[in-house]
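Enquirer: could you look at this predicted model? Sequence included:
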Amino acid sequence: MDKIQTECTRCGTCCANGGPALHVQDKELIEGGAIPISHLITIRKGELVHNPVSNRLQVAKNELIKINGVGKEWSCFYFEPEQKLCTIYDSRPVACQMLECWDTEAVEQMIDKDLLSRTDLIGDDDPLYQAVLEHESTFPCPDLELLLTRGVGDKSRELEEAANREVAFRTELVSSQDLSLGEELFYFGRPLFHLLISVGASVKESAGRLLIDWPRK
Ligand code: SF4
Ligand code: SF4
């Protein structure tokens, strides 16, 4: 008979499956420098996100701040795969502390509760505070679930235009504020055209413009 698991064997599977979302209890890890914002990524409201409990993609009901991923599997940035170690174990986020893969009740209780957002981490005196708000109101995440299930319909040109304007918006700020890629992904999340690729669009560049094609439905 298989032995019933009652404790973490440190197999690393959860860490290899991606970094956690951060909660208000983790704020001091960022403010104290244990986790710099350049190691975070913003998942904007409406993006499709992997639910570790159901192991399915679902629409993010709220903004999430996650530890960035690396590699094809998008393993947690702080996971050291050879030794299966967390390189910030003593400063790991609360979701990692609560995760018991053999009994997910505690971590399920945390989903969608007390989540950190960008405005919890950057004060209104941050030079990028207004830019984050403007980006969110001008380029909200489109209805990706609808695009995935019903196709682009008559929105193709509108989305292509928005994707081009969004790239121009972030490029200007990356340049003027000298942002690293990690910082850009924290402040503005993934570019709009990446989100469109995630629901089937193909993107190419021609004469400095993104051209976006959609599969026929
Ligand atoms: S919580 Fe589970 S999946 Fe994660 S390291 Fe421990 S045993 Fe592995
Ligand atoms: S922070 Fe550490 S414990 Fe949490 S997912 Fe990353 S590597 Fe694993």
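Expert: Everything's here; your move. Ligands and ions are numbered 1, 2, ... in the order given.
Enquirer: can you list the domains in this protein?
Expert: 13-119, 122-213 (automatic domain parsing).
Enquirer: which stretch in those has the least confidence?
Expert: Set side by side, the domains of the chain differ in mean pLDDT, and domain 13-119 is lowest with a mean of 92.
Enquirer: end-to-end on it?
Expert: 31 Å (C-alpha to C-alpha, to the nearest Å).
Enquirer: could you find the closest non-adjacent residue to the residue nearest the centre of the chain?
Expert: Centroid check for the chain by C-alpha atoms, centre = their mean gives Ile43 as the closest residue, at 3.4 Å. The spatial neighbour of Ile43 that comes closest, neighbours along the chain excluded (C-beta to C-beta, 6 or more residues apart in numbering), is Leu64 at 4.2 Å. Bear in mind the C-beta positions are built from the backbone N, C-alpha and C, glycine included.
Enquirer: try Leu29
Expert: Nearest to Leu29 is Ile35, by C-beta to C-beta, 6+ apart, at 4.8 Å.
Enquirer: residues from this structure in reach of ligand 2?
Expert: Residues of the chain found near ligand 2 (C-beta under 6 Å from any ligand atom) are 15, 19-20, 67, 76, 78-79, 86, 88, 92-93, 96.
Enquirer: switch the cut-off to 5 Å
Expert: Within the chain, the residues that sit near ligand 2 (C-beta under 5 Å from any ligand atom) are 15, 76, 78-79, 86, 92, 96.
Enquirer: quick one: which of these sit in helices?
Expert: Counting by DSSP state H, the part of the residues of the chain next to ligand 2 found in helices is 15, 96.
Enquirer: switch the residues of the chain next to ligand 2 over to JSON lines; also include neighbour count and distance to ligand 1.
Expert: Formatted as JSON lines, these follow (neighbours: other C-beta atoms under 10 Å; distance: C-beta to the nearest ligand atom, whole Å):
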{"residue": "Cys15", "neighbour count": "24", "distance to ligand 1": "6"}
{"residue": "Cys76", "neighbour count": "28", "distance to ligand 1": "11"}
{"residue": "Tyr78", "neighbour count": "21", "distance to ligand 1": "13"}
{"residue": "Phe79", "neighbour count": "24", "distance to ligand 1": "10"}
{"residue": "Cys86", "neighbour count": "17", "distance to ligand 1": "9"}
{"residue": "Arg92", "neighbour count": "21", "distance to ligand 1": "11"}
{"residue": "Cys96", "neighbour count": "20", "distance to ligand 1": "8"}
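Enquirer: of the residues of the chain next to ligand 2, which is the nearest to Gln109?
Expert: The nearest member of those to Gln109, counting by C-beta to C-beta, is Cys96 at 15.1 Å.
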